[in-house]
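K.L.:
Sequence and computational prediction follow.
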Amino acid sequence: MTLKQTMISLDAMDDGYVTGEKVKALFADYAEISVEVQTVTGEKGSTDFIKIVIPGTEGKSKGGSVPTLGIVGRLGGIGARPSRIGLVSDADGAVAAVASALKLADMQVKGDRLKGDVIVTTHICPDAPTRPHEPVDFMDSPVDIGAMNAHEVLPEMDAVLSIDTTKGNRVINHKGFAISPTVKEGYILRVSEDLLRIMEMTTGLLPVTFPITMQDITPYGNDLYHINSILQPAVATSAPVVGVAVTAQSVVPGCGTGASHEIDIAAAVRFAVEVAKEVTNGTCAFYNPDEYDRIVKLYGSMKVLQTAGNA
């Protein structure tokens, strides 16, 4: 159901000459889909940020009030050329995000329109740098995390799925994908029951979650250990954020090639699409607002964790 779109996305990005405009061209036949590409240059090179809007029948883009879901493909780069040849493991987030947009666009053409908007963002860089990390090297990004969040985490998003390859660790020993607890304004909340239900439904298996720490939800650049950038969108929004980690049983470096598994990515895409259906239909909640209000009343704001702190 989503493997076709995943393969199209993979084929487009497994290219040393790929650009945001080439990815935009995948949506040429979908007249109602809005795609914007912006090239941003940083100290370590440049990348093409892409924003894809799939409008809902009662979404904000048409003057409605139905919630908007954001799907962020989080990564450093899709390639590490010239030091590594081919698509790197870190590309899975971008592949999954674009494949999700392709599936939602195709659904719309075939008459299956969501009520609310879905905004998909990611960036396309075939020659990103790498950097040291334990237990294996990470992909770095040509631009800093602030620029990434500014282009990928948008005010219109009422809830955010952040899809990221999360294989360079020893805490998730599962091949497929896993979801995080909900993060909102510095609080790590309980895992959403609705998301667990959707994961069970789309995989036909028991749901898999992964642990996150206080360090993981603080901004990059504070010299604290982060499992990776999967929860970095949470520092840039008041909306609830859930990480969707494309995972492996073994430890795989983000800069490793030949390590993207289309079936696992397609499973994450299928999950994201079903979440989009339910969030925009009002049948999936990332968190309990009453419980969140209660914890803030009892313990105060934790928004300080969205900042650089006292450094």
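P.N.:
On my side now, so go ahead.
K.L.:
Every contact and neighbour count from this point should use C-alpha atoms.
P.N.:
Fine.
K.L.:
what about Thr203, how many neighbours?
P.N.:
Each residue near Thr203 was counted by other Cα atoms under 10 Å, and the total is 15.
K.L.:
so where is the chain shaky, pLDDT-wise?
P.N.:
Within the chain, the set of residues satisfying pLDDT under 70 comprises 311.
K.L.:
which stretches of it form strands?
P.N.:
Under the criterion DSSP state E, strands of the chain are mapped to 34-42, 45-54, 69-73, 118-124, 130-131, 138-139, 159-165, 176-179, 183-184, 187-188, 241-247.
K.L.:
what would those strands look like in CSV with distance to Ser301 and mean neighbour count?
P.N.:
Shown next, in CSV, are the strands of the chain (distance: least, Cα to Cα, whole Å; neighbours: other Cα atoms under 10 Å):
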stretch, distance to Ser301, mean neighbour count
strand 34-42, 33, 15
strand 45-54, 31, 22
strand 69-73, 24, 28
strand 118-124, 28, 29
strand 130-131, 34, 16
strand 138-139, 32, 24
strand 159-165, 19, 29
strand 176-179, 25, 24
strand 183-184, 11, 25
strand 187-188, 9, 20
strand 241-247, 17, 28
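K.L.:
Output the ones you listed in a markdown table, with distance to Gln232 appended to each entry.
P.N.:
What follows is those, written out as a markdown table (distance: least, Cα to Cα, whole Å):
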| stretch | distance to Gln232 |
| --- | --- |
| strand 34-42 | 18 |
| strand 45-54 | 16 |
| strand 69-73 | 11 |
| strand 118-124 | 13 |
| strand 130-131 | 17 |
| strand 138-139 | 15 |
| strand 159-165 | 9 |
| strand 176-179 | 15 |
| strand 183-184 | 10 |
| strand 187-188 | 13 |
| strand 241-247 | 9 |
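K.L.:
Nearest to Leu104, out of these?
P.N.:
Among those, the nearest to Leu104 by Cα to Cα is strand 45-54 (7.1 Å).
K.L.:
What helices and strands are in contact with the closest one?
P.N.:
Contacts defined by 3 or more Cα pairs under 8 Å, 6 or more residues apart in numbering; DSSP states H and E place strand 45-54 against helix 20-24, strand 34-42, helix 92-109, strand 118-124, helix 145-152.
K.L.:
Check which residues of stretch 219-230 are buried.
P.N.:
219-220, 226-230 (16 or more other Cα atoms under 10 Å).
K.L.:
who's in contact with that stretch?
P.N.:
Residues outside stretch 219-230 that contact it (Cα atoms under 8 Å, 6 or more residues apart in numbering): 74-75, 145, 162-164, 166, 169, 212, 215-216, 232, 235, 243-245, 305-308, 311.
K.L.:
Only whichever of those residues are buried, select them in ChimeraX.
P.N.:
To isolate the buried subset of those in ChimeraX, counting by 16+ other Cα under 10 Å, use the following:
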select :74,75,145,162,163,164,166,169,212,216,232,235,243,244,245,305,306,307
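K.L.:
give the contact list for Lys167.
P.N.:
Contact analysis of Lys167 by Cα under 8 Å, 6+ apart lists 246-254.
K.L.:
Just the buried ones from the residues you listed?
P.N.:
246-248, 251-254.
K.L.:
okay but Thr209 is in contact with Gly176, surely?
P.N.:
No: using Cα atoms under 8 Å, Thr209 makes no contact with Gly176, being 11.2 Å away.
K.L.:
Quickly list what's touching both of these two.
P.N.:
Common neighbours of Thr209 and Gly176 (Cα under 8 Å, 6+ apart) do not exist.
K.L.:
close enough to count as contact, Ile52 and Gln38?
P.N.:
No: contact criterion Cα under 8 Å: Ile52 and Gln38 do not qualify, at 11.9 Å.
K.L.:
Out of the buried ones among the contacts of Lys167, which comes closest to Gly282?
P.N.:
Of all the buried ones among the contacts of Lys167, Gly282 sits closest to Val246, with 26.0 Å by Cα to Cα.
K.L.:
and Gln36, bridged to which residues?
P.N.:
Actually, residue 36 is Glu rather than Gln. Glu36 has these beta-bridge partners by DSSP bridges: Lys51.
K.L.:
isn't it right next to Ile52, touching?
P.N.:
Yes: in this structure, Glu36 is within contact of Ile52 by Cα under 8 Å, at 6.6 Å.
K.L.:
list the residues that contact both of these two?
P.N.:
Taking Cα under 8 Å, 6+ apart as the contact rule, Glu36 and Ile52 have no neighbour in common.
K.L.:
any idea how far Pro211 lies from Val109?
P.N.:
Counting by Cα to Cα, to the nearest Å, the gap from Pro211 to Val109 is 38 Å.
K.L.:
got it, and Leu224?
P.N.:
According to Cα to Cα, Leu224 stands 46 Å off from Val109.
K.L.:
same question, Val53
P.N.:
Distance from Val53 to Val109, by Cα to Cα: 14 Å.
K.L.:
Alright, calling it a day.
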